[in-house]
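Q: sequence below, structure please.
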Amino acid sequence: MRVSDEDILGEEGKGLQTAQLFVHENRIRQAASSLGQAYIALILQLTGLEIESFSETTAKPSNSVSASRTLYRSGNDQGIDMENSMATR
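A: The predicted model follows:
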């Protein structure tokens, strides 16, 4: 595809890397959004139930939301570029 010099975003020949950067940054936002929706769903579930004890019905979703929130917060903006964060051992 040909575009004019003024319409090039980033460096010439680096289009895939530039696109991957945007996709990578959007993943974090999408994870946060999904986590927020899961949290609201959990709150609605808890307020909609008459809970005499903290049963398995409410414990599993609560644990999943808490674990997801911890994972998101620990991985959010650690200052590591995408290539290094994707490196395997």
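
Q: phi first, then psi, for K14.
A: Geometry field for K14 lists phi and psi as phi -120, psi 30, criterion degrees, to the nearest 10.

Q: and for it, the neighbour number?
A: Around K14 sit 12 other residues, with neighbours defined as other C-beta atoms under 10 Å. The way it works is simple: take the backbone N, C-alpha and C, and place the C-beta from them, glycine included.

Q: and the gap between it and N26?
A: As judged by C-beta to C-beta, to the nearest Å, K14 and N26 stand 18 Å apart.

Q: helix, strand or coil for V23?
A: Under DSSP: H, G, I helix; E, B strand; the rest coil, V23 falls in the helix class.

Q: so who does E6 touch?
A: Not one residue lies near E6 by C-beta atoms under 8 Å, 6 or more residues apart in numbering.

Q: what of E12?
A: With contacts defined as C-beta under 8 Å, 6+ apart, E12 has no neighbours.

Q: give the residue spans of this protein that score low on pLDDT.
A: Applying pLDDT under 70 to the chain flags the ranges 48-62, 71-72, 74-89.

Q: so which residues of it form helices?
A: 15-48, 56-75, 82-85 (DSSP state H).

Q: can you tell me which of the ones you listed is nearest to D5?
A: In this view, those are compared for proximity to D5 by C-beta to C-beta, and helix 15-48 is the closest at 13.8 Å.

Q: and R2, which of the helices of the chain is closest to it?
A: The nearest among those, by C-beta to C-beta, is helix 15-48 at 12.2 Å.

Q: helices or strands next to the closest one in the packing?
A: helix 56-75, helix 82-85 (3 or more C-beta pairs under 8 Å, 6 or more residues apart in numbering; DSSP states H and E).

Q: buried ones in that helix, by neighbour count?
A: Buried residues in helix 15-48, counted by 16 or more other C-beta atoms under 10 Å: 35, 39, 42.

Q: related to what we said a few turns ago, pipe the helices of the chain into JSON lines and attach distance to S4 per row.
A: Formatted as JSON lines, these follow (distance: least, C-beta to C-beta, whole Å):
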{"stretch": "helix 15-48", "distance to S4": "14"}
{"stretch": "helix 56-75", "distance to S4": "38"}
{"stretch": "helix 82-85", "distance to S4": "28"}
